[in-house]
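[1] quick one, what's the 3D model for this:
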Amino acid sequence: PQFYMASQGKVPYPQPPKLNPKEKDAEERYRKRLTAFEKLKKDIETVKRYAVAKRVYCAIKKVRKKIRLPHCRLTSNRADFDSSCWRLNSKDQNELRLMSYAEGAKKRQLIALRILGKGALRGTIQLIKKLDVYELRVCREALCKPERTEGEIVGFDTGYTEVAALSNGAFIGQKFGEKLTRYSDYCKEKGQKRNKLWAKAKELESSAKEKDRRKAQNIFKHNLGRKKHNAKYRRAQDSIKQEINKAINSIVQGKGDGLDGVKVKELVIEKLSAHMGKTRSKNWNRRLSSWARGYIRKCLEQKCKQFGIRLTQVNACHSSRVCPACFYPSKENRVSTDRVKCRQCGYEGHADTCAAKEILRRRSGEIPLYAPPGKVFEMLMVQYKRGLEVPQAPPFSCKTQLNESEGEKKSL
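    I've put the predicted structure just below:
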């Protein structure tokens, strides 16, 4: 106990020894512990206990800095139950009974849960609490198809207005940006109103009048709750994930606008775990914070493994600034958020499509995956100059070839 008090920055006071259940005050063991405690107490009286507490706290802080923890927030609680810890009610199949933990001498009791929805329960099930909702998950083995040997190699560039743009010119999930913007702007407006109410309630809480303090309590209780806000957040996240799943299913199954009959054997994507860097404004930073890049990567890995599609990651630095015709890299090529116009050859096209073509070209592995942006730009300039040194072939003449073939036929 003294150590934990010192770790929290408090003064560690010693505690007197306690009697065991089968021990008396006059016994020798207890007397030894008591004399040792009194000696320790006298020794501690001569020490500056506040200084000791501070030194212990600083030592623990140094050790904590050396421990690397995952950068994530734990927003869910999970408990696993194997087949011996749960059963369905024989009279009501929608009632699940889970085994509880035993505390001390208490007996285990079954917890009855009402199931909403349909699904076969088998094996180990997971009970997950997300915000205010409890979910049941059943693990099952996914059947994966063998790796495809026939098909196309497609470049995949993630976007904000749509889920992704492909190197063949197709756009998937075009309502994705509308949902992200709508939810982000709603959170902004709602947050501004809540902040005003919070400031007003804090002001009333410190008032000397009883009426104002009661009003502040009512604001905290009825106007600053999280129940509706959490429900809105869950619905928005489900809608965004649904749009991502639809888009990726259209790629792996070859269905959708611009994808009918297209069989993909390899998907080349950008490194989605890379840092996005600085953006233009505070408003765009807020909108991009709800961009589910992590879920897109997770869904791509799962779907590609299930359908036998090879997934390749490349370095995508400056991919939307490279001309797909002459490979000239320049910041000035990006005319707007959606258009690219090359300053050398005059090529014009959509920025996301050009980025997808550049991502597909980097499949060769000439640009390292973890190269910094400055090094990538130098490599791109070297590739562009190398392309200028290669002599171009003379223009192909269709008339000359036709005349030669006609002459051969006449001679035969």
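[2] where along the stretch 151-300 of the chain do the strands fall?
    152-158, 164-166, 171-172, 264-270 (DSSP state E, counting those that start in this stretch).
[3] which neighbouring elements make contact with the third one?
    For strand 171-172, the helices and strands in contact under the criterion 3 or more Cβ pairs under 8 Å, 6 or more residues apart in numbering; DSSP states H and E are strand 164-166, helix 227-253. (Glycine included, C-beta is placed from N, CA and C.)
[4] among the ones you listed, which is nearest Arg148?
    helix 227-253 (10.1 Å; Cβ to Cβ).
[5] can you give me the neighbour number for Asp43?
    10 (other Cβ atoms under 10 Å).
[6] so how far is Arg363 from the closest residue to Glu301 other than its chain neighbours?
    Nearest residue to Glu301, sequence neighbours excluded (Cβ to Cβ, 6 or more residues apart in numbering): Leu311, at 6.4 Å. Taking Cβ to Cβ, to the nearest Å as the measure, Leu311 falls 12 Å from Arg363.
[7] can you check Leu131 too?
    To Arg363, Leu131 is 41 Å away according to Cβ to Cβ.
[8] how about low-confidence regions in the stretch 201-350 of the chain?
    Within the stretch 201-350 of the chain, the segments meeting pLDDT under 70 span 274-280, 290.
[9] switch to 80 and redo it
    256-258, 260-261, 272-293 (pLDDT under 80).
[10] please enumerate the helices of it.
    Ranges of helices in the stretch 201-350 of the chain, per DSSP state H, counting those that start in this stretch, are 210-222, 227-253, 282-288, 293-307.
[11] in CSV, list those helices along with mean neighbour count and distance to Ala164.
    Shown next, in CSV, are these (neighbours: other Cβ atoms under 10 Å; distance: least, Cβ to Cβ, whole Å):
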stretch, mean neighbour count, distance to Ala164
helix 210-222, 13, 44
helix 227-253, 16, 7
helix 282-288, 13, 16
helix 293-307, 16, 8
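[12] now render these as CSV, adding distance to Pro372.
    CSV is the format used below for the helices of the stretch 201-350 of the chain (distance: least, Cβ to Cβ, whole Å):
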stretch, distance to Pro372
helix 210-222, 49
helix 227-253, 29
helix 282-288, 21
helix 293-307, 20
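[13] among these, which comes closest to Glu150?
    helix 293-307 (13.4 Å).
[14] now the closest one against helix 227-253, angle please.
    With axes from the mean of the first three to the mean of the last three Cα atoms, to 10 degrees as the basis, helix 293-307 and helix 227-253 are set at 40 degrees to each other.
[15] helix 293-307 - contacts with which helices or strands?
    Using 3+ Cβ pairs under 8 Å, 6+ apart as the test, helix 293-307 ends up in contact with strand 152-158, helix 227-253, strand 264-270, strand 310-314.
[16] minimum distance to Gln174: which of the helices of the stretch 201-350 of the chain has it?
    helix 227-253 (9.0 Å).
[17] what angle do that closest one and strand 152-158 make?
    With the same axes, to 10 degrees applied, the angle from helix 227-253 to strand 152-158 works out at 160 degrees.
[18] starting at the chain centroid, how far to helix 227-253?
    Centroid separation between helix 227-253 and its chain, computed with Cα atoms, centre = their mean, to the nearest Å, is 14 Å.
[19] same deal with stretch 339-351?
    Worked out by Cα atoms, centre = their mean, stretch 339-351 lies 33 Å from the chain centre.
[20] buried residues in it?
    By neighbour count on 16 or more other Cβ atoms under 10 Å, the buried set for stretch 339-351 is 340, 342, 347, 349, 351.
[21] which of those residues fall within strands?
    340, 349 (DSSP state E).
[22] how far does stretch 154-173 stretch from start to finish?
    Using Cα to Cα, to the nearest Å, one end of stretch 154-173 lies 17 Å from the other.
[23] please apply the same query to stretch 348-366.
    Terminal residues of stretch 348-366 lie 26 Å apart, using Cα to Cα.
[24] in it, what's buried?
    Across stretch 348-366, burial judged by 16+ other Cβ under 10 Å covers 349, 351-362.
[25] out of the residues you listed, which comes closest to Asn218?
    Distance to Asn218 across the buried residues of stretch 348-366 (Cβ to Cβ) is lowest for Asp352, with 50.3 Å.
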